[in-house]
Structure formats: C-alpha cells, structure tokens
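Student: no sequence on this one, just coordinates:
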C-alpha cells in the first residue's frame, strides 16, 4: 500500500482530518495522524509524538503539506526533502515564498482537491 504524511498547522486539524479520510477512502495509508493528539506540552509526550511524527515522514511515500504551516511543519518538510521524498504542497495567497518550495521534487497547488488528485495519481 502506498502512503502519505500530511503536514500542516494545528489550526488546520479539521481540514487535515478531511484529507486523511479522503486518502483512506482510496486505500492510501496515512503514516501518522497527529490530529488525534493535538497540541502537547508535557516533555514525555513531546518525545513520544515527536518520534511518531518523524517516523511518519520517513516512512511515507509522499509528504503532503497544507498551508498555513508553522515551524513543526517546516521541520517535517526538511526531513522529507532530506529523505528525497516527493512533496505535494497546497499554498495560499499571502504565504511568503521559501527557496525550498521551488525544488524539483516540490509540486505546488492552490487547491487541496487538485493536490489530492495529483497525489492519488502519483501513488496509484
């Protein structure tokens, strides 16, 4: 089974849950669903969930990123790029462009549905 990891801000948790449901409906595995725990602050939880998120990125076939994204998502993006994963990115107006958004393995879209359809085609 092919897989994705979805990186985004906690502020987008509801949208991420919808996208997770859509991927699972077409038999694409989500390597880790961080929306199940939300924000964590206890040190033990930070370690546990940090490793789970790290493994989720390392084990995925595609890193799917939805803006707005904050620091943690950009760390995940860095891990994905270092692992030479394809990145599918949903950008929004007003997002400051970063050099890493324009690498050859980064595919940018303005709409979640377009990014989703592209990812499904890549993985099937």
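Tutor: All right, it came through fine. Worth saying up front: this structure is predicted, and the values here are computed from it rather than measured.

Student: just the helices in this protein please.
Tutor: 13-25, 43-59, 71-82, 112-123 (DSSP state H).

Student: quick one: the longest one to helix 71-82, angle?
Tutor: The one in question is helix 43-59. Angle, helix 43-59 to helix 71-82, by axes from the mean of the first three to the mean of the last three C-alpha atoms, to 10 degrees: 30 degrees.

Student: quick one: list the elements packing against helix 43-59.
Tutor: strand 3-7, helix 71-82 (3 or more C-beta pairs under 8 Å, 6 or more residues apart in numbering; DSSP states H and E). Just so you know, the C-beta spots here come from the backbone N, C-alpha and C atoms, and that holds for glycine as well.

Student: pick the most deeply packed of the ones you listed.
Tutor: strand 3-7 (a mean of 25; mean count of other C-beta atoms under 10 Å).

Student: next, format the helices and strands packed on helix 43-59 as JSON lines and append mean pLDDT.
Tutor: Below are the helices and strands packed on helix 43-59 laid out as JSON lines (pLDDT from 0 to 100):
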{"stretch": "strand 3-7", "mean pLDDT": "98"}
{"stretch": "helix 71-82", "mean pLDDT": "97"}
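
Student: quick revisit: between the helices of the chain, which gets nearest to residue 92?
Tutor: helix 112-123 (10.1 Å; C-beta to C-beta).
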